[in-house]
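> coords please:
(chains A and B)
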2 protein chains.
Amino acid sequence: MKRVGLDLGGTYIKGGIVDEENRIIVHGATPTMTEREPEEIIRDMASLVKKLTEEAGITLRDIAGIGIGSPGTIDAGSGKVLYSNNIRWENVPLAELLGKMLAEDTDCSVIKVRVSNDANCAALGELVCDTDSGVQSAVLLTLGTGVGSGIILNGKLYEGEQPGGAELGHMVICHGGRQCSCGRKGCLEAYVSASALVEDARQAARDTEESLLRVLAGEEADLRGLNGKHVIEAVRKKDTVAVKVFEQYLEYLGCGITNIINIFRPEVIYLGGGICEGFELMEETLQKYVKQNCFGGEIAAVARIKKAAHGNDAGIIGAAALIDIE
Amino acid sequence: MKRVGLDLGGTYIKGGIVDEENRIIVHGATPTMTEREPEEIIRDMASLVKKLTEEAGITLRDIAGIGIGSPGTIDAGSGKVLYSNNIRWENVPLAELLGKMLAEDTDCSVIKVRVSNDANCAALGELVCDTDSGVQSAVLLTLGTGVGSGIILNGKLYEGEQPGGAELGHMVICHGGRQCSCGRKGCLEAYVSASALVEDARQAARDTEESLLRVLAGEEADLRGLNGKHVIEAVRKKDTVAVKVFEQYLEYLGCGITNIINIFRPEVIYLGGGICEGFELMEETLQKYVKQNCFGGEIAAVARIKKAAHGNDAGIIGAAALIDIE
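Residues are numbered from 1 along each chain as shown, chains lettered A, B, ... in the order given. I've put the predicted structure just below:
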């Protein structure tokens, strides 16, 4: 059966009707405008769902349910957003409210609504779309402003035993190290987020006279204009400063991935986020690193590291896939 | 039904008949003598099983199966010891061999044999014996020569998606830090094993003129005589040097436990190993640390930290409990 997948972001609510082969047959989006009350935003989600079904020429009765990927800490059991810094929600019963609104507005009285963290949905989306079929376990790291993570064990999302788990970005890899947004020092996120990479590149470029990074960053003296794509471009063009920063970045990323493998031994590690456009610059180094560093060496199974290939679509497809797994 | 639990150690094979209430009704042990061939050692395990059942006045037909806790990397599915540095085994089909030997020697042709890592068994044993009944998720860390870990999720052992997982002691918490036995630098094990604590205390005592540690260590100038119990005793007696070392130790341990909570959000963290005789010196500091440092702060669930209270028995009881869970 078809399902609806929604991806609640800080700027847009994106959504789609996802068919039985995990293809998005109708796309849609509406601005989130996070300054509004959660109820208003959820009402827009309901409207988006109705619009999507109409466009697909179906009704709510024709879909198996609605899956939502939301930022923040989610209680998947109740479909509640416990806390999200990104959209500034606290204790919002998202699944319940959306279900009620849709039931009031339509002739479909019972609608299955599931909520999970957005990185979880992205991980699930990558897994169900993976052309290497049969993959049952995977961990996704999204290297963005922060580091999101989604864990799939034995074909199912693993969200921790209680809300607030599966936060691999908040695993300290450098005790007493860099300040992390979560309050701790030395978290993986503080070293391998795209923001961390850009900040490291900025720092290194400031300390050198000549670097392509300075050119790419544009006019501003403090290199504020520099972004992740610039860093990747400079690495690709073998800019010495950028290459050095990137090597150090991969060392930290390799360390975090090795930790994850020693814990979960998944078949695949997916890496997502804009800087993974430079995945070809990372793959070999990372795969070699984990092979050399994983516990048990060659006797133990070492995950393949792959690019999260489905970008934004993975979030929608994975959200829809929440409906299929219990 | 009753079950047999075996704990295969570097020095002894310990075992017991475990009843329906998870009590050991008959105990037994035999030397491991690891210099022998695996087959000889497994034959002694078979003899131990027969001796235990005889003493209990039952036959193999009266037991539901035999669970074995083994050091090293185990393939739980096949009951094979893939690799154990401790007993120097490689690719030993333990479950199969023990099952065959017992079938040949007795009139019981099919015997269920399950194998798991010894720390996994200890974790399971602590959980099934926990007086706070209803605990469904827990992580055990054994602070010994190394750091073993056992993970229970939703009432079941979690051993990783493929062999070589669930190795929480080999999660790097200090990138580029102390050398670990696994080849990496900065693993949790290198900071929070009992050996690490003792080595830190030795170092600190060497650098000071006056410390109870020097007295407790005995004659030898290099403080080689110092052990974990000495350190705990010195902390209890408020020896300044020992207290300082112990505070730093708890900081690392708190960091590792916080990582584990951010990943699994278990209800309980059990701490085991000889130095946990000083658990009352650790509990408050650790509980406060994780509460302050866990992701999501007070909104998220923070595990209780408890002493692994069942020592060696937990390994036997947990091994027996392998038979009950699929």
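> After the helix or strand harbouring residue A:96, which helix or strand is next?
Assessed by DSSP states H and E, residue A:96 sits inside helix A:94-105. With elements assigned by DSSP H and E, the helix or strand that comes after helix A:94-105 is strand A:113-117.
> sec struct for residue A:66, please.
On the three-state scheme (DSSP: H, G, I helix; E, B strand; the rest coil), residue A:66 is labelled strand.
> and the closest residue to it other than its chain neighbours, how many residues sit next to it?
Excluding its sequence neighbours, the residue lying closest to residue A:66 (CB to CB, 6 or more residues apart in numbering or on different chains) is residue A:4, at 4.3 Å. For every residue, glycine as well, the C-beta is placed using N, CA and C. Residue crowding around residue A:4 was assessed by other CB atoms under 10 Å in any protein chain shown; the count is 30.
> Just list the residues touching residue A:4, thanks.
Counting by CB atoms under 8 Å, 6 or more residues apart in numbering or on different chains, residue A:4 makes contact with A:15, A:16, A:17, A:18, A:49, A:52, A:53, A:63, A:65, A:66, A:67, A:320.
> where's the residue nearest to residue A:103 when sequence neighbours are not counted relative to residue A:48, distance?
Counting by CB to CB, 6+ apart, residue A:109 is the residue found nearest to residue A:103 once chain neighbours are left out, at 5.2 Å. According to CB to CB, to the nearest Å, residue A:109 and residue A:48 sit 20 Å apart.
> and these two? which has more neighbours close in?
residue A:48 (19 against 10).
> Surely the more buried one is in contact with residue A:8?
No. Assessed by CB atoms under 8 Å, residue A:48 is found out of contact with residue A:8, at 10.3 Å.
> Skipping its backbone neighbours, what lies nearest residue A:296 in space?
With CB to CB, 6+ apart as the criterion, residue A:296 has its nearest non-adjacent residue at 4.1 Å, and that residue is residue B:164.
> and if you look at residue A:7?
residue A:315 is the one closest to residue A:7 (CB to CB, 6+ apart), at 4.0 Å.
> And the strand or helix carrying that neighbour, what does it pack against?
Under the criterion of DSSP H and E, residue A:315 resides in helix A:311-321. When contacts are defined as 3 or more CB pairs under 8 Å, 6 or more residues apart in numbering or on different chains; DSSP states H and E, helix A:311-321 packs onto strand A:2-8, strand A:12-18, strand A:24-31, strand A:63-70, helix A:118-129.
> Make JSON lines out of those and add mean pLDDT.
Listed next are those as JSON lines, based on pLDDT from 0 to 100:
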{"stretch": "strand A:2-8", "mean pLDDT": "97"}
{"stretch": "strand A:12-18", "mean pLDDT": "97"}
{"stretch": "strand A:24-31", "mean pLDDT": "97"}
{"stretch": "strand A:63-70", "mean pLDDT": "96"}
{"stretch": "helix A:118-129", "mean pLDDT": "95"}
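> what about the residue of the stretch 101-250 of chain A found nearest chain B, how many residues close to it?
Nearest residue of the stretch 101-250 of chain A to chain B: residue A:164, at 2.8 Å (CB to the nearest CB). The tally of other residues near residue A:164 (other CB under 10 Å) stands at 25.
> and if you look at the one 4 residues further on?
The local packing count at residue A:168 equals 27, with neighbours defined by other CB under 10 Å.
> repeat for residue A:89
Residue A:89: 21 surrounding residues under other CB under 10 Å.
> tell me the SS of the nearest residue to it once chain neighbours are set aside?
The shortest distance from residue A:89 to any residue other than its chain neighbours is 4.8 Å, reached at residue A:81 (CB to CB, 6+ apart). The three-state assignment at residue A:81 reads strand, by three-state DSSP.
> how far away is residue A:81 from chain B?
With distances taken as CB to the nearest CB, to the nearest Å, residue A:81 is found 11 Å from chain B.
> can you pull the contacts of that residue?
Residues near residue A:81 by CB under 8 Å, 6+ apart: A:70, A:72, A:73, A:74, A:87, A:89, A:90, A:91, A:92, A:94, A:115.
> Could you find the closest non-adjacent residue to the second one?
Leaving aside its chain neighbours, residue A:72 sits nearest to residue A:84 (2.6 Å; criterion: CB to CB, 6+ apart).
> got the residue ranges for the helices in the stretch 151-300 of chain A?
For the stretch 151-300 of chain A, the helices defined by DSSP state H, counting those that start in this stretch cover A:189-192, A:194-206, A:212-217, A:228-236, A:240-264, A:283-293.
> same for the third one, what does it pack against?
If I follow you right, that is helix A:212-217. Applying 3+ CB pairs under 8 Å, 6+ apart, we find helix A:212-217 packed against helix A:194-206, helix A:228-236, helix A:240-264.
> Check which residues of the first one are buried.
Translated: helix A:194-206. Going by neighbour count (16 or more other CB atoms under 10 Å in any protein chain shown), the buried part of helix A:194-206 is A:194, A:195, A:196, A:197, A:198, A:199, A:200, A:201, A:202, A:204, A:205.
> likewise the last one?
By neighbour count, with 16+ other CB under 10 Å as the criterion, the buried positions of helix A:240-264 are A:241-242, A:244-246, A:249-264.
> correct me, but residue A:165 touches residue A:159?
Yes. Residue A:165 lies in contact with residue A:159 (CB under 8 Å); the separation is 6.1 Å.
> List the residues that contact the nearest residue to residue A:208 once chain neighbours are set aside.
Closest residue to residue A:208 apart from its sequence neighbours, by CB to CB, 6+ apart: residue A:241 at 5.2 Å. By CB under 8 Å, 6+ apart, residue A:241 lies in contact with A:201, A:204, A:205, A:208, A:211, A:212, A:213, A:234.
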